[in-house]
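> Predicted model, plus sequence, below.
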Amino acid sequence: MKVKKYILRPTIKHPILIGLFFLIASVSSFSLPPMLLSVLKGHKNGVRSIAFSADGQQIIIVPFDTAGAVKIWNVADEQNLLTVINAAVLCASLSHDKKWLVTGDSYGKAKVWNANTGEELRVIDSNSYVMWVTCSPVEPLVAMLTSGTHTIWRATDGEIQRKITFPDQRMREHTAFNHNGTKLVTVADHMAQVWTKEGEKLLVLTDDVGVRSALFTYDDQRIITLNYRHVVKVWDSMTGELLRTENAPAYKYSKTAIFTSPAGARVFSRDGRNVKIADAEKGTILWNDDSFFWQFVPIDFVAFDIALSPDYKMIATPGSDRVNIWQLPPDSKSPEWIRLKTMLENYLRSLSPGKWPTYIGFRCSNLEADKALEAIAKDDELTRYVNWLLPK
């Protein structure tokens, strides 16, 4: 991969900033900012919610307007694969095999669409606005949450399989299947409740502060809950025993969310441009950037909602008229980051042998610069990060 020449021979405007970058990169606690991969435009009135497909290759975007243009994008090439119009749409979910797209709206209707052609296949009526829809990870079942009612129905024909009512509870906009599709968890008031897909109640997990969201771990052995004080709790999914309590790495006024996938469980927290990602079960911070470097990198982290890809290598953040997709750098303790950090250090040493790290300028000879350029170009990951991070 080609390295931009100006990285090695910067103009007079940039040598201090470039030198500071390499100096900071030598500190083990420093995290590189994410690299912008894609910009998905065409959402003029903002974005209500975003979600990656199960394989991480597509992203589903629900708009924050009455027109209701729900879009599916291909992450790799920024191609708009599908647009369906559902007025007053509130939520959407893509089936595990990407054959169906399910949407829910404030008129009390859930709609099933052909995810390839955009054809409207069927409409399911409910007694109130549809707060949440989610597709089973293994079969064509849809869990639909309305005010006081949780309904499971088949996407193939719309037949209702089970209806659960919550007459005295305030339902949260959240419900989730486990990863083999046999159970689901709902959130209401101060509890998360675990059910079979047939509607049998298995567990009630209570939290006096109030439960915001709940998810099964990928192996279905544990349930992760998040409360309104940014506290993450880990429960045994068979017995309901509370196993661990972890304080989420939250800021004072933050957006916090939990995610689970084959790569593990994560808690995401952000406050303005300050961002942290941690292991939801252990509380270990895996990625953290609250450094001054944000002021040099135009990143929109003031988003209403975010999404992490299933492999946790990408993050999607919506802005006022677009969704930005970023590649997250490795965490500071991972082998990938250590390799990248070592190459950065060696690169700087090659520019000024014997004077690193006090010498932070780039007043090296053309021969030294060409050698460094050749070395850095051999590593595609390093080249991408360096080309992205340094001033244009």
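On my side now, so go ahead. Predicted model, so just to flag it, every value in this text is computed and none were measured. Numbers count the residues shown, from 1 in each chain.

> pLDDT score for the residue nearest to residue 288 when sequence neighbours are not counted?
Spatial nearest neighbour of residue 288, excluding adjacent residues (CB to CB, 6 or more residues apart in numbering): residue 276 at 4.9 Å. For every residue, glycine as well, the C-beta is placed using N, CA and C. If you check residue 276, the pLDDT there is 78.

> just checking, residue 276 touches residue 266?
No: with contact defined as CB atoms under 8 Å, residue 276 does not count as touching residue 266 (10.4 Å).

> Following element in sequence after the one helix or strand the residue nearest to residue 288 maps to, please.
Using DSSP states H and E, the element containing residue 276 is strand 274-279. Using DSSP H and E, the helix or strand that directly follows strand 274-279 along the chain is strand 285-289.

> who does that following strand pair up with?
Using DSSP bridges, strand 285-289 pairs in its sheet with strand 274-279 (antiparallel).

> and the residue nearest to residue 288, how many residues sit next to it?
22 (other CB atoms under 10 Å).

> Check the gap between it and residue 206 for me.
27 Å (CB to CB, to the nearest Å).

> Now do the contacts for residue 65.
44, 45, 46 (CB atoms under 8 Å, 6 or more residues apart in numbering).

> Give me the secondary structure label for the second one.
Which is residue 45. coil (DSSP: H, G, I helix; E, B strand; the rest coil).

> From residue 265, how far out is the residue nearest to it when sequence neighbours are not counted?
The shortest distance from residue 45 to any residue other than its chain neighbours is 3.7 Å, reached at residue 65 (CB to CB, 6+ apart). Relative to residue 265, residue 65 is positioned 33 Å away (CB to CB).

> Also residue 211?
Residue 211 is 16 Å from residue 265, by CB to CB.

> What of residue 177?
16 Å.

> Contacts for stretch 247-267 next, please.
212-213, 215-218, 222, 224, 226, 230-232, 268-271, 274, 276-281, 283, 285-286, 288, 303-306, 308, 310-312.

> in the stretch 151-300 of the chain, which spans are strands?
160-165, 171-177, 183-188, 191-196, 201-206, 211-216, 222-227, 231-236, 242-247, 255-261, 264-271, 274-279, 285-289 (DSSP state E, counting those that start in this stretch).

> Which one, of the ones you listed, ends up nearest to residue 115?
strand 171-177 (18.3 Å; CB to CB).

> shouldn't residue 51 be in contact with residue 70?
No: Residue 51 is not in contact with residue 70 according to CB under 8 Å; the separation is 11.1 Å.

> Give me the common contacts of these two.
60, 92.

> what is residue 201 paired to in the beta sheet?
residue 195.

> and residue 38, helix, strand or coil?
Relying on three-state DSSP, one would call residue 38 strand.

> which residue packs closest to it, ignoring adjacent ones?
Distance criterion CB to CB, 6+ apart; nearest residue to residue 38, sequence neighbours excluded, is residue 325 at 4.2 Å.
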